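*Asks:* Fold the following, please.
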Amino acid sequence: MELDLTPQLAKKLYGGDGGAYYAWCPNELPMLREGNIGAGKLALEKNGFALPRYSDSAKVAYVLQGSGVAGIVLPEKEEKVLPIKKGDAIALPFGVVTWWYNKEDTELVILFLGDTSKAHKSGSFTDFFLTGPNGIFTGFSTEFVGRAWDLEESTVKTLVGSQSGNGIVKLDSAFKMPEPKIEHYNGMALNCEEAPLDVDIKNGGKVVVLNTKNLPLVGEVGLGADLVRLDGSAMCSPGFSCDSALQVTYIVRGSGRVQVVGVDGKRVLETRLKAGNLFIVPRFFVVSKIADPEGMDWFSIITTPNPIFTHLAGRTSVWKALSPEVLQATFNVPADVEEKFTSKRKAEEIFFPPPN
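*Replies:* Residues are numbered from 1 along each chain as shown. From the prediction side, this is the model:
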């Protein structure tokens with residue numbers, strides 16, 4: 001069966017005055033189910049509040065736009081209230097309870113990518129809300145809730161029945177939410193737009209890698225991530241994940257072209273990419289991208305916390321490691337052709353600036 005790798009946009013699942021939640025459906029993007037990957041996006045308007053919930057999947061959250069506040073409660077730990085802004089990546093292990101709030105005029109948009117191998121539905125996140133019409137405690141009888149909370153029945157009914165919002169609500173502008181604490185941010189999040197660059201190639205591109213060194217919590221999530229900013233008309237070298245990981249890519253800004261080649265040298269994807277697109281590269285398949293003149297940025301998760309990539313062009317490519325005789329035999333070409341091949345791309349790696 002051929003895999004459909006066509007990039008897709010998210011679709012709205014629910015929302016109201018406070019904002020909306022969007023998700024990618026595994027029926028439209030089959031690689032989500034195939035790779036046990038979930039993907040969603042939360043958009044909060046001013047004073048929008050995403051009610052506390054926990055998920056059946058470990059995730060990485062990435063702030064695409066705006067700034068706001070995140071509340072995170074790790075199992076058996078105190079609440080951490082983080083200031084968040086565009087470029088922040090946050091590791092969310094299993095069992096964390098989270099809430100999100102936007103007090104600014106600019107819409108706050110957060111991307112969620114994660115592993116659904118232990119989820120109720122392969123390829124989809126399932127959130128369990130603590131309150132609201134679909135909240136956990138609406139399912140328990142008042143007797144059980146009263147015994148659990150040590151409250152009278154009338155108080156239980158007020159607590160359980162007062163929140164009519166489903167997942168996202170809009171708070172009154174005068175309502176005061178907890179103030180974020182910068183000390184809570186450290187160790188919980190990393191701003192990929194401000195972090196030291198792992199790769200910086202003039203007129204080529206830049207990369208920041210999220211791993212256990214700069215954000216140890218990703219080890220508990222079991223995922224690595226990176227933010228790639230490809231300069232105008234530059235090319236990202238053909239490459240693949242050599243540790244059997246899947247690469248899930250969301251286009252943050254700009255546009256460009258992508259090609260993916262799989263088994264038996266078959267080109268399985270050739271298409272254009274634009275902001276908002278999500279696509280998944282299967283294990284060991286080779287992918288390459290070329291940005292349009294305005295450039296292209298993308299955020300990816302890789303299904304291992306410390307990914308390793310093999311590139312097939314550039315100074316660090318596998319071709320540069322092979323001996324000339326092996327190359328001649330491999331390509332079935334004379335020495336002069338092999339010499340032309342190996343004489344190129346001696347300085348560049350990973351990203352190639354546009355030709356003069």
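
*Asks:* which stretches of the stretch 251-356 of the chain have low pLDDT?
*Replies:* Scanning the stretch 251-356 of the chain with the threshold set as pLDDT under 70 gives 307, 346-348.

*Asks:* ranges for the helices of it?
*Replies:* Using DSSP state H, counting those that start in this stretch, the helices of the stretch 251-356 of the chain run over 318-321, 324-331, 335-343.

*Asks:* Dump those into a markdown table; add distance to M296 and mean neighbour count as well.
*Replies:* For glycine as for every other residue, the C-beta is placed from the backbone atoms N, C-alpha and C. Shown next, in a markdown table, are the helices of the stretch 251-356 of the chain (distance: least, C-beta to C-beta, whole Å; neighbours: other C-beta atoms under 10 Å):
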| stretch | distance to M296 | mean neighbour count |
| --- | --- | --- |
| helix 318-321 | 25 | 13 |
| helix 324-331 | 31 | 13 |
| helix 335-343 | 28 | 12 |
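
*Asks:* Nearest spatial neighbour of K181, chain-adjacent residues omitted?
*Replies:* V81 (5.7 Å; C-beta to C-beta, 6 or more residues apart in numbering).

*Asks:* Any figure for the gap between the one you found and L190?
*Replies:* According to C-beta to C-beta, to the nearest Å, V81 and L190 sit 17 Å apart.

*Asks:* So if I had to pick from the two, which one is more boxed in?
*Replies:* L190 (23 against 18; other C-beta atoms under 10 Å).

*Asks:* which SSE is the more buried one in?
*Replies:* According to DSSP states H and E, L190 maps onto strand 189-191.

*Asks:* Same question for E179.
*Replies:* Going by DSSP H and E, E179 is not in any helix or strand.

*Asks:* cool, and V156?
*Replies:* helix 153-161.

*Asks:* Identify all contacting residues around that helix.
*Replies:* Contacts with helix 153-161, where a contact means C-beta atoms under 8 Å, 6 or more residues apart in numbering, come from T131, G135, F137, T138, T142, E143, V145, G146, W149, L151.

*Asks:* Which two of these have the greatest separation?
*Replies:* Greatest spacing in the contacts of helix 153-161, by C-beta to C-beta: T131 and E143 (18.9 Å).

*Asks:* So between those two, which is more surrounded?
*Replies:* Shown here are T131 and E143; by other C-beta under 10 Å, T131 has more neighbours (20 against 10).

*Asks:* I'd like the distance between the more buried one and P7.
*Replies:* Distance of T131 to P7, computed by C-beta to C-beta: 36 Å.

*Asks:* Which PyMOL command selects the buried ones in the contacts of helix 153-161?
*Replies:* Selection command for PyMOL covering only the buried members of those, criterion 16 or more other C-beta atoms under 10 Å:
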select buried, resi 131+135+137+142+145+146
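
*Asks:* So which of the contacts of helix 153-161 are in helices?
*Replies:* T142, E143, V145, G146, W149 (DSSP state H).

*Asks:* who's the residue nearest to R253 when sequence neighbours are not counted bridged to?
*Replies:* Once flanking residues are discounted, R253 sits nearest to D297: 4.3 Å by C-beta to C-beta, 6+ apart. Beta bridges link D297 to R229, R253 when assigned by DSSP bridges.

*Asks:* Ok, V258 next?
*Replies:* T271, K289.

*Asks:* contacting residues for it?
*Replies:* Contact analysis of V258 by C-beta under 8 Å, 6+ apart lists P7, L269, E270, T271, R272, L273, F279, V287, S288, K289.

*Asks:* ok so, going back, M177: which of the helices of the stretch 251-356 of the chain is closest?
*Replies:* M177 sits nearest to helix 318-321 of all the helices of the stretch 251-356 of the chain, at 52.0 Å, using C-beta to C-beta.

*Asks:* and for the closest one, what are the contacting residues?
*Replies:* Outside helix 318-321, the residues that touch it by C-beta under 8 Å, 6+ apart are T310, H311, L312, A313, G314, L327, F341, T342, K346.

*Asks:* Distance of the second one relative to L13?
*Replies:* Between H311 and L13 the computed distance is 38 Å (C-beta to C-beta).

*Asks:* circling back: from the ones in helices among the contacts of helix 153-161, pick the one nearest G68.
*Replies:* Closest to G68, out of all of the ones in helices among the contacts of helix 153-161 and judged by C-beta to C-beta, is W149, at 29.6 Å.

*Asks:* The closest one: what's its closest spatial neighbour, skipping adjacent residues?
*Replies:* Distances taken as C-beta to C-beta, 6+ apart place V156 nearest to W149, at 6.8 Å, with adjacent residues excluded.

*Asks:* Can you verify my assumption that S117 contacts G35?
*Replies:* No: the pair S117 and G35 does not pass the contact test of C-beta atoms under 8 Å, sitting 9.2 Å apart.

*Asks:* Neighbour count: the two, which is higher?
*Replies:* Taking other C-beta under 10 Å, S117 and G35 do not tie; G35 has more neighbours (25 against 14).

*Asks:* Can you get me a residue count around the closest residue to the more buried one other than its chain neighbours?
*Replies:* Closest residue in space to G35, ignoring its immediate chain neighbours: L246 at 4.5 Å, by C-beta to C-beta, 6+ apart. Counted with other C-beta under 10 Å, residues neighbouring L246 total 22.

*Asks:* next one: P354
*Replies:* Neighbours around P354, by other C-beta under 10 Å: 14.

*Asks:* From K202, how far out is it?
*Replies:* Counting by C-beta to C-beta - P354 and K202 are separated by 12 Å.
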